[in-house]
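Student: below are the sequence and a predicted model; questions follow.
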Amino acid sequence: MQAFTTLSGTAVPFGAENVDTDVIIPARFLKTITRTGLGKSAFTVIRQDPGNIFDSERYRGAPILIAGDNFGCGSSREHAPWALADMGFRVVIAPSFADIFSGNAFKNGMLLVVLPQEQIDRLMAVAATDPITVDLENQVVTTDFQDRFAFPIDPFRKHCLVNGLDEIGLTTAMDADIAAHETRLHRERPWIEGAALRG
């Protein structure tokens, strides 16, 4: 997983509330088991409008999405953060997120930033013309206009994102401890290892 510290760039001022996972990536596109290629099918209904914000040249390749309250509600599907990541998003900023979506996004290295609606409104206005910076280490979102909005984050999630650790990375980081445990187990309880080999 790619480490996340600070990101500056264009933000898409989407702002819609109660966007469910079927809006993010409709069920008919869930047949794939890979994480790539889903971006072209993300927000399909919205992108049927030729003037939609996601296909605007101004926001092409933007790494930040600004959304409304209760983003990612609906059914659980890991494809939702996969699709967002395939579009290039590394950060979603909103007043709140659905719990299951939040967990899926975190496991896929995506930072979700929760801010009050008035700060979301301000960032939406700035994003129309200027970049936004998200600093995870200091837990702030800033703009070139001296806006500085602090955001909370679970310390464990912050540690994982800053260090680029997914569940596999967390496990391999404990290689030495695991090896020491296995050596001690072999020495102190050899019958356990023997039973495993017999089984």
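Tutor: Thanks, I have the structure now.

Student: mind listing what A42 touches?
Tutor: By Cβ atoms under 8 Å, 6 or more residues apart in numbering, A42 lies in contact with I24, I25, F54, A83, L84, D86, M87. All C-beta spots, glycine's among them, are computed from the backbone N, C-alpha and C.

Student: specify the beta-bridge partners of the nearest residue to A67 once chain neighbours are set aside.
Tutor: In this structure, A67 finds its nearest non-sequential neighbour in A94, 4.1 Å apart by Cβ to Cβ, 6 or more residues apart in numbering. Counting by DSSP bridges, A94 forms beta bridges with V114.

Student: helices of this structure, start to end?
Tutor: Ranges of helices in the chain, per DSSP state H, are 21-24, 44-47, 79-87, 99-107, 117-127, 155-163, 167-172, 175-188, 190-198.

Student: show me what the third one packs onto, helices and strands only.
Tutor: Meaning helix 79-87. helix 21-24, helix 99-107 (3 or more Cβ pairs under 8 Å, 6 or more residues apart in numbering; DSSP states H and E).

Student: and those helices, which is most packed in?
Tutor: Mean neighbour count (mean count of other Cβ atoms under 10 Å) peaks for helix 21-24 among these, with a mean of 22.

Student: what about it, distance to the chain center?
Tutor: Counting by Cα atoms, centre = their mean, to the nearest Å, helix 21-24 is centred 15 Å from the centre of its parent chain.

Student: outline the domain layout of the protein.
Tutor: What automatic domain parsing lists as the domains of the chain is 6-164, 166-199.

Student: how about these in TSV, adding mean pLDDT?
Tutor: Shown next, in TSV, are the domains of the chain (pLDDT from 0 to 100):
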stretch	mean pLDDT
domain 6-164	95
domain 166-199	71
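
Student: which residues touch H79?
Tutor: H79 sits next to T21, I25, F29, L30, T32, L38 when contact means Cβ under 8 Å, 6+ apart.

Student: switch to 6 Å and redo it
Tutor: Contacts for H79 (Cβ atoms under 6 Å, 6 or more residues apart in numbering) come out as I25, L30.

Student: if we can go back for a sec, could I get the helices and strands packed on helix 79-87 in JSON lines, plus columns for distance to H186?
Tutor: Below are those laid out as JSON lines (distance: least, Cβ to Cβ, whole Å):
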{"stretch": "helix 21-24", "distance to H186": "46"}
{"stretch": "helix 99-107", "distance to H186": "33"}
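
Student: what about these, which gets the closest to T171?
Tutor: T171 lies closest to helix 99-107 among the helices and strands packed on helix 79-87, at 13.6 Å (Cβ to Cβ).
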